[in-house]
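Enquirer: need the 3D shape of this:
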Amino acid sequence: MWRSISKNLKIIIISSVLLVGILLYSVLRSESVNITTKEYQEIVTSDMIKRVLINEPYLYLYTSDKEYKIAKELVDIKLLAQRYPVAYIEESLPIIDIFLLLFITIFALYIVSILRKNQERNEEILVGSKEESQQILSHNITPQISTINFSDVAGVEEVKEELEEVIDFLRYPLKYREFDIRLPKGVLLVGPPGVGKTMIAKAVAGEAGVPFFYQSAASFVHIYVGMGAKRVSELFSRAKEMAPSIIFIDEIDAVGKRRGGSNSDERDATLNQLLTEIDGFEESSGVMVIAATNKIEVLDEALLRAGRFDRRIHISLPNFKERCSTLELYLREKQHRVDIPKIAQMTIGFNSAALATLINEAALYALRLQKSLIETSDIEAVKDKVLMGKHKIKTFSKQEQEIQACYQAAKAVSATWLEVDYEKIGLISSNFIPHNDEILSKTLLENQLKVLLAGRIATKRKYGELFTNAKEDLHQAKLLSHQIIEEFMMSDAYFSNPAQAEELLQTASSEVGSLLSKLDEAFKRVEVYLHEHESITSQETKKILDEVF
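Expert: Below you'll find the model as predicted:
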């Protein structure tokens, strides 16, 4: 009967038997338990290890009754070798491994023989697939081991509470499997730039003690169709190998924008692959996807549907209490004598990154002055530099300084008289305190409008000219007048028109002109003060007004 079978069929049967044998051997051999870095530390310190073996890409730990494995790049080999002898599998291959390699070689020869004899076209496809696989393998994706914990991240207490379950799941996945609890496959961090989204993701990985795969979504997009999808597939495959693990995709809107329109085929293909990969692993796989964006409104609906990024955590700019805790964190390792509540009050609108830069610039400033510690005055001195970059007053000519002193003095006097809050007004900048999430009156908004117009009116009255330094304030005044009429509907008419906004601006100009005439003496004193000191606070302006009136 065996003789009646064709030669090709015999080859297929023999190859199949060899393949089954190899698979059985692999299954029987794969009894190793995949462990996290935290579990690895516990096993190493327990003195139960009998043998250590390295077989790329894993390191194997053998105790008297169990076998554990962990990714080689997560372990300090030199430190481990000081405690236990470490052997490489290349040093002494077991006899059974030699036979296995021999069988694999024979199997490969049979397959190549069939392909060469039967179909040359299939050989080209095989070679192409082989080259493609080598390209994927050559792109080495290595995880990070996060040393950041929640104690290193301040001002996001509510976010920490929402992520505690994710951390617990990554630490003890078996507990959730036993109770048949389904956790979200993905967590989407939504917030403006600089609020610490990446730091939060690293802190989650650090708290859970799992590998952390960082990837910017922009790096997925290539000019060659299919390359982005290939990299997504490779990233998820690597993360599954090293589970439990975290994949963090920064700026996911770069690849996750709504499909269609001006989107490219490559971006669409990459997004489709990303959706497929997220759907492809179970909640119990031990892989958690965390993504960050500041443009959730542009994301594709398929990315946000149930079963993908189920948990969305919104991170806003820090409030007063959160700014205090963030400043305390950044000053923790520095010698200082800083009034933290005062600085927190001064930094409304600062994100975490801006606060970090502020403290660092203040430390450099104190060092240049040869101080031994950071003081509140050092932070005040560099605040404007952090906000808008370093400006040098000396670049103004003498006449320009006089014009600017006149312009800014009018704003300072009118703002103080009309009770429009500001911290400091200088020759370069005006630091008005923003009103966040407050119910604002029409009177308050109109007073702000008058302050924005005051400098233009004062310089025109003094020099009989209009100057370009009013450009930004005039632009803000137009926007504010439009808001008052169109958005806030603060007019007697229920239906508005552009003429009403123009009328509002003209009325405000006339009233602030009359106000500056009334406050002329105080205005001149503030103008001189500004020219000499380059800046003035609201308290200093009020003192001058009190002296005059």
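
Enquirer: can you pull out the low-pLDDT segments for this structure?
Expert: For the chain, the stretches with pLDDT under 70 are 1-31, 89-103, 107-108, 110-140, 220-227, 260-266, 281-285, 386-395, 434-438.

Enquirer: please repeat the previous calculation with a cut-off of 50.
Expert: 30, 91-93, 122-139, 223-224, 390-394 (pLDDT under 50).

Enquirer: domain ranges for it, per the record?
Expert: 7-138, 150-314, 320-388, 393-548 (automatic domain parsing).

Enquirer: can those go into a markdown table with extra columns for distance to residue 144?
Expert: Every C-beta, even on glycine, is put in place using the N, C-alpha and C of the backbone. Output for those, formatted as a markdown table (distance: least, CB to CB, whole Å):
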| stretch | distance to residue 144 |
| --- | --- |
| domain 7-138 | 10 |
| domain 150-314 | 5 |
| domain 320-388 | 20 |
| domain 393-548 | 36 |
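
Enquirer: tabulate those domains (JSON lines), appending mean neighbour count.
Expert: What follows is the domains of the chain, written out as JSON lines (neighbours: other CB atoms under 10 Å):
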{"stretch": "domain 7-138", "mean neighbour count": "13"}
{"stretch": "domain 150-314", "mean neighbour count": "18"}
{"stretch": "domain 320-388", "mean neighbour count": "17"}
{"stretch": "domain 393-548", "mean neighbour count": "17"}
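
Enquirer: host element of the residue nearest to residue 228 when sequence neighbours are not counted?
Expert: In space, and not counting its chain neighbours, residue 228 is closest to residue 270: 3.5 Å by CB to CB, 6 or more residues apart in numbering. Per DSSP states H and E: residue 270 is located in helix 265-280.

Enquirer: now the next helix-or-strand element following that helix against helix 265-280, angle please.
Expert: Next helix or strand after helix 265-280 toward the C-terminus (DSSP H and E): strand 287-293. Counting by axes from the mean of the first three to the mean of the last three CA atoms, to 10 degrees, strand 287-293 lies at 140 degrees to helix 265-280.

Enquirer: show me the contact partners of the next helix or strand after strand 287-293.
Expert: Using DSSP H and E, the next helix or strand after strand 287-293 towards the C-terminus is helix 301-304. Under the contact criterion CB atoms under 8 Å, 6 or more residues apart in numbering, helix 301-304 has outside partners 188, 252, 256, 258-259, 271, 274-275, 296, 308-309.

Enquirer: for the stretch 351-500 of the chain, which segments are assigned as strands?
Expert: Counting by DSSP state E, counting those that start in this stretch, one finds strands in the stretch 351-500 of the chain at the ranges 374-375, 422-426, 430-432.

Enquirer: the ones you listed into a markdown table, with extra columns for distance to residue 77?
Expert: Formatted as a markdown table, those follow (distance: least, CB to CB, whole Å):
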| stretch | distance to residue 77 |
| --- | --- |
| strand 374-375 | 42 |
| strand 422-426 | 55 |
| strand 430-432 | 54 |
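
Enquirer: closest one to residue 72 among these?
Expert: strand 374-375 (43.6 Å; CB to CB).

Enquirer: I'd like the distance from the closest one to the chain centre, please.
Expert: Offset of strand 374-375 from its chain centre (CA atoms, centre = their mean, to the nearest Å): 30 Å.

Enquirer: circling back to that earlier point, wait, the residue nearest to residue 228 touches residue 255, no?
Expert: Yes. With contact defined as CB atoms under 8 Å, residue 270 reaches residue 255; the gap is 5.3 Å.

Enquirer: just to revisit the earlier point, among the strands of the stretch 351-500 of the chain, which is nearest residue 152?
Expert: When the strands of the stretch 351-500 of the chain are compared (using CB to CB), the closest one is strand 374-375, at 20.0 Å.

Enquirer: what's that closest one in contact with?
Expert: 331, 334-338, 359, 362-363, 366.

Enquirer: dump the residue contacts of residue 496.
Expert: Going by CB under 8 Å, 6+ apart, residue 496 touches 485-486, 489.

Enquirer: and with 10 Å instead?
Expert: Taking CB atoms under 10 Å, 6 or more residues apart in numbering as the contact definition, residue 496 lies against 482, 484-487, 489-490.
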